[in-house]
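> fold the following, please.
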Amino acid sequence: MPTSEYDIKSLIVIFFFSSIYLYRLALMTARQKIDLYDLVMLSSVAIVPALFELFPRKTLYLANSIGVAFPFVIVFSSLFAILFIFIHRLTMKVRSLENINRKLIQELSLLSEAVKNTKL
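Presented below is the predicted three-dimensional model:
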């Protein structure tokens, strides 16, 4: 738990920004601008730093057990891993959409050719 005034202030700032960010993500999900999977992935970007701030002793224990000198390295590496998973998913989705788009273009050109041939 927070022990100093500095810890309490940083906890308030993290809670404030995380709450606003999570609220905006929830609104975007409700308006169907992002899907539920994206909500979970993007909200973890706000939740992970909050968890590390809420439990500083566990963060120090985790850092010592892994062999990392500074606990913030664990925070940033976990955020990097989350974002890497998110980008990987987006890459796979774009590839799938490219394949669908290519097939649709091919079908459209075949249909267009068939229409031209039937008019003559």
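
> measure stretch 28-43 end to end?
End-to-end span of stretch 28-43 (CA to CA, to the nearest Å): 12 Å.

> in the protein, spot the helix with the most residues.
helix 71-119 (DSSP state H).

> other SSEs contacting that one?
helix 36-54, helix 56-66 (3 or more CB pairs under 8 Å, 6 or more residues apart in numbering; DSSP states H and E). Yep, even glycine has a C-beta here, placed from its N, CA and C like the rest.

> show me the contact partners of the longest one.
Contacts of helix 36-54 with the rest of the structure, by CB atoms under 8 Å, 6 or more residues apart in numbering, involve 10-11, 14-15, 17-18, 21-22, 25-26, 28-29, 34, 59, 71, 74-75, 78-79, 82-83, 85-86, 89.

> got the angle between that helix and helix 71-119?
On the basis of axes from the mean of the first three to the mean of the last three CA atoms, to 10 degrees, helix 36-54 is oriented at 170 degrees to helix 71-119.

> and helix 36-54, how far out from the chain middle?
Mean-position distance between helix 36-54 and its chain equals 8 Å (CA atoms, centre = their mean, to the nearest Å).

> let's number from 9 now, not from 1
All set: I'll call the first residue 9, so the last point we hit is now helix 44-62.

> in that helix, what counts as buried?
46-47, 49-54, 56-58, 60-61 (16 or more other CB atoms under 10 Å).

> state the mean pLDDT of that helix.
Average pLDDT, helix 44-62: 87.

> now swap in stretch 24-41 and tell me
The model assigns stretch 24-41 a mean pLDDT of 92.

> so for it, what gets flagged as buried?
Applying 16+ other CB under 10 Å to stretch 24-41 flags 26, 30, 33, 37 as buried.

> give the contact list for the third one.
By that I understand Leu33. 42, 47, 50-51.

> ok, the second one next?
Neighbouring residues of Leu30 by CB under 8 Å, 6+ apart: 51, 54-55.

> how much space is there between it and Ala38?
13 Å (CB to CB, to the nearest Å).

> now swap in the first one and tell me
To Ala38, Ser26 is 18 Å away according to CB to CB.
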